[in-house]
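Peer 1: Pasting a predicted model and its sequence here:
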Amino acid sequence: MTGNHVKRRLAEDIFFKGIVCLFAFISLLPLFLILYYITRNGIAVIDWNFLSSLPRPIGEAGGGVFNAIVGTLMLIILSGVISIPCGIAAGIYLSENKAGKLASGIRLSVVVLQGTPSIVIGIIAYIWIVAPLKTFSALSGGIALSIMMLPVIVKTTEETLKLIPYHLKEASLALGVPYYRTILKVILPSGISGILTGILLSVARITGETAPLLFTAFGNQFMNTNIFKPIDSLPYRIFYYAMSPYPEWHSFAWGASFILVVLTLALNLIARGISVKWKTRF
Amino acid sequence: MENTVLKVENFSASFGDNRILKDINLTVPRNVVAALMGPSGCGKTTLIRCVNRMHELIPGATVSGRMTLIDEDIYAMQPIILRRKVGMVFQKPNPFPTMSIYENVIAGYKLNGIRIPKPELDNIVEQSLKKSALWDEVKDALHRKGTFLSGGQQQRLCIARALAMNPEIMLLDEPTSALDPKSTSQIEELFVELKKNVTMLLVTHNIAQAARVSDVTAFIYLGELIEFGPTEKMFTVPKDKRTEEYLTGKFG
């Protein structure tokens, strides 16, 4: 009787462990399948020519994604220039002011902003920038993406700075160091790995965004480096190539996807590396 | 007057409605170790934090009465100027984790943006580390991070950091309570050595430590200064009954 009991429990144990493993495996499957398909279909297209040439008109063979790569990099720089200072400043404010109306207002808006659909952010940027300037532009795309980066940077900065022991701040203030220098020279450097990680993750997040760019950066089959003109981007180029009826362009879409995925993966890995390697030991 | 470093007159401090210190009167002469002892929560830490105005970091802090550092009214000074003249060592060693040992010692200059030629800095680092009895242990590793040192070494590094600013007075807030007995006795010996150059105000809840290192002792109980005088006298013939009870372990 007792023997059977034990056997049943052991069997249930094994069953439970099996189920956990199975679902864990299933949840990993999509990632590997995506990586597998993108690599299989994309890697063959990648060569110097693909990376360095512009899209060609319909009917002409060949072409590439050079303008899309340049465009994506420009968009990342533009949105970073806007969102990194704002995000870090807001993060500092939140970690320094735990209570207060402004702080809780910022916290709420960060949460709401994080949940706002990216297409809505695109429309907002359209109304703010594109409509008054009467042209699609890299600038408007950068602003839309910076709004998407902002909550990630604010949140990670706040969380990182909150973990820095209070006694470090005291040590600095007790030496007669003014408050602003304490923040800039003691607190921020101690949290640098967390803040950088947050920035890289937010960049990884926006690199693949397409929706907010549809009405802002718009896409451009020519090379453009003027921030007041429409600009191309990798996700937009993928969309454009994939929607075409030509098999060669389909393979280009795979190639561009491969570049995008590698870029995002690399950003994530670097972010992890930084958060481990540069971690401050208190 | 020449010989008085810190003078506290009718000094009270409150956080909001909570009165922590009540009418404290205290005179600390030059080149002594003055111990502040008393049970937990009696206000001894608040008192030394009032000396460098660190208590003002807590919202709702107010004070009344007078406190002077070498005849200068502490509450009429800019806190950042005051704090350069008053060194502080905390309960937990707190070297700056992003800085090397060298940078930690000169942190008071570096963080304040005070520019000093390199040879002079080298000299300040060497002298400060020698005064805090750490030089021999770290002289070959000045550019390693300060956080790699042991707890006791870290605390001596923090003492060197405070000494580097040539303070008029050093505030020591239970500086050995996070350390092992060996590091504690090293640091106690250091204090006795250091008083030739600097005046120290030592908060401790360790009666034996107050007896070992201090010249004068103040006993604070429930925010009041019960007794203040030469350590030897207080430990042998305490004037107040409460002091006697505290020293004999009846409470605290």
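Peer 2: Alright, I've got the coordinates.
Peer 1: okay, CA-based contacts and neighbour counts for the rest of this
Peer 2: OK.
Peer 1: Secondary structure element holding residue 8?
Peer 2: Going with chain A. Under the criterion of DSSP states H and E, residue A:8 resides in helix A:2-42.
Peer 1: Not quite, go with chain B.
Peer 2: Taking DSSP H and E as the criterion, residue B:8 maps to strand B:4-15.
Peer 1: Show me what counts as buried in that strand.
Peer 2: Neighbour-count burial for strand B:4-15, counted by 16 or more other CA atoms under 10 Å in any protein chain shown, picks out B:4, B:5, B:6, B:7, B:8, B:11, B:12, B:13, B:14, B:15.
Peer 1: counting contacts, what elements does the helix or strand that that strand is followed by pack onto?
Peer 2: Following strand B:4-15 in sequence order, the next helix or strand is strand B:18-29 (DSSP H and E). Here strand B:18-29 touches strand B:4-15, helix B:44-51, strand B:224-230, going by 3 or more CA pairs under 8 Å, 6 or more residues apart in numbering or on different chains; DSSP states H and E.
Peer 1: what's the neighbour count on residue 118?
Peer 2: No chain specified, so I'll use chain A. By other CA atoms under 10 Å in any protein chain shown, the residues close to residue A:118 number 21.
Peer 1: Let me rephrase: I mean chain B.
Peer 2: Residue B:118, neighbours per other CA under 10 Å, totals 9.
Peer 1: how near is it to chain A?
Peer 2: The gap separating residue B:118 from chain A is 20 Å, by CA to the nearest CA, to the nearest Å.
Peer 1: List, one by one, the residues from the stretch 51-200 of chain B near chain A.
Peer 2: B:52, B:54, B:79-84, B:86-88, B:90, B:92, B:94-98, B:108, B:111-112, B:147, B:162 (CA under 8 Å from any CA of the partner chain).
Peer 1: who touches residue B:144 in this structure?
Peer 2: Residue B:144 sits next to B:100, B:101 when contact means CA atoms under 8 Å, 6 or more residues apart in numbering or on different chains.
Peer 1: same thing with residue A:50?
Peer 2: Residue A:50 makes contacts with A:62, A:63, A:64, A:65, A:66, as judged by CA under 8 Å, 6+ apart.
Peer 1: got it, and residue A:251?
Peer 2: Listed by CA under 8 Å, 6+ apart, the contact set of residue A:251 reads A:41, A:42, A:45.
Peer 1: which of the residues in stretch A:187-205 are buried?
Peer 2: Of the residues in stretch A:187-205, A:187-205 count as buried by neighbour count, 16+ other CA under 10 Å.
Peer 1: Tell me where chain A has strands.
Peer 2: For chain A, applying DSSP state E gives no strands.
Peer 1: who does the strand holding residue B:8 touch, helix- and strand-wise?
Peer 2: strand B:18-29, strand B:61-69.
Peer 1: can you rerun that using 10 Å?
Peer 2: With contacts taken as 3 or more CA pairs under 10 Å, 6 or more residues apart in numbering or on different chains; DSSP states H and E, strand B:4-15 sits against strand B:18-29, helix B:44-51, strand B:61-69, strand B:72-73, strand B:199-204.
Peer 1: Could you tell me how far the first one lies from the centre of the chain?
Peer 2: Which is strand B:18-29. Here strand B:18-29 is found 16 Å from its chain centre; the criterion is CA atoms, centre = their mean, to the nearest Å.
Peer 1: can you state the direction angle for that strand and helix B:44-51?
Peer 2: Going by axes from the mean of the first three to the mean of the last three CA atoms, to 10 degrees, strand B:18-29 is angled at 70 degrees with respect to helix B:44-51.
Peer 1: Quick one: name whatever helix or strand follows strand B:18-29.
Peer 2: Using DSSP H and E, the helix or strand that follows strand B:18-29 in sequence is strand B:33-37.
Peer 1: could you point out where the chain is predicted with low confidence?
Peer 2: Using chain A here. Flagging of chain A using pLDDT under 70 yields the residue ranges A:1-2.
Peer 1: Chain B, not that one
Peer 2: For chain B, applying pLDDT under 70 flags the ranges B:1-2, B:252.
Peer 1: before we move on, back to that, can you tell me which of the residues of the stretch 51-200 of chain B next to chain A are in strands?
Peer 2: Going by DSSP E, the strands hold B:86, B:87, B:88 from these.
Peer 1: re the thing from before, could you let me know which of the contacts of residue A:251 ends up closest to residue A:261?
Peer 2: Nearest to residue A:261, judged by CA to CA, of the contacts of residue A:251 is residue A:42 at 10.4 Å.
Peer 1: ok now do that closest one, which residues does it touch?
Peer 2: A:35, A:36, A:250, A:251, A:252, A:253, A:254, A:255, A:256, A:257, A:258, A:259 (CA atoms under 10 Å, 6 or more residues apart in numbering or on different chains).
Peer 1: Report the spatially nearest residue to it, omitting neighbours in sequence.
Peer 2: Distance criterion CA to CA, 6 or more residues apart in numbering or on different chains; nearest residue to residue A:42, sequence neighbours excluded, is residue A:255 at 3.9 Å.
Peer 1: Confirm for me that that neighbour is in contact with residue A:235.
Peer 2: No. Between residue A:255 and residue A:235 there is no contact under CA atoms under 10 Å: 11.5 Å.
Peer 1: can you pull out the helices in the stretch 51-200 of chain A?
Peer 2: A:66-96, A:101-115, A:118-125, A:131-133, A:138-162, A:166-174, A:179-181, A:188-190, A:192-207 (DSSP state H, counting those that start in this stretch).
Peer 1: Export those helices to a markdown table and append columns for distance to chain B.
Peer 2: Below are the helices of the stretch 51-200 of chain A laid out as a markdown table (distance: least, CA to the nearest CA, whole Å):
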| stretch | distance to chain B |
| --- | --- |
| helix A:66-96 | 12 |
| helix A:101-115 | 16 |
| helix A:118-125 | 38 |
| helix A:131-133 | 45 |
| helix A:138-162 | 14 |
| helix A:166-174 | 6 |
| helix A:179-181 | 7 |
| helix A:188-190 | 6 |
| helix A:192-207 | 10 |
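Peer 1: Pick the most buried one from these.
Peer 2: Comparing the helices of the stretch 51-200 of chain A by mean neighbour count (mean count of other CA atoms under 10 Å in any protein chain shown), helix A:138-162 ranks first with a mean of 26.
Peer 1: what residues are up against the residue lying closest to residue B:130 once chain neighbours are set aside?
Peer 2: The shortest distance from residue B:130 to any non-neighbouring residue, by CA to CA, 6+ apart, is to residue B:136 (7.7 Å). Contact analysis of residue B:136 by CA under 10 Å, 6+ apart lists B:126, B:129, B:130.
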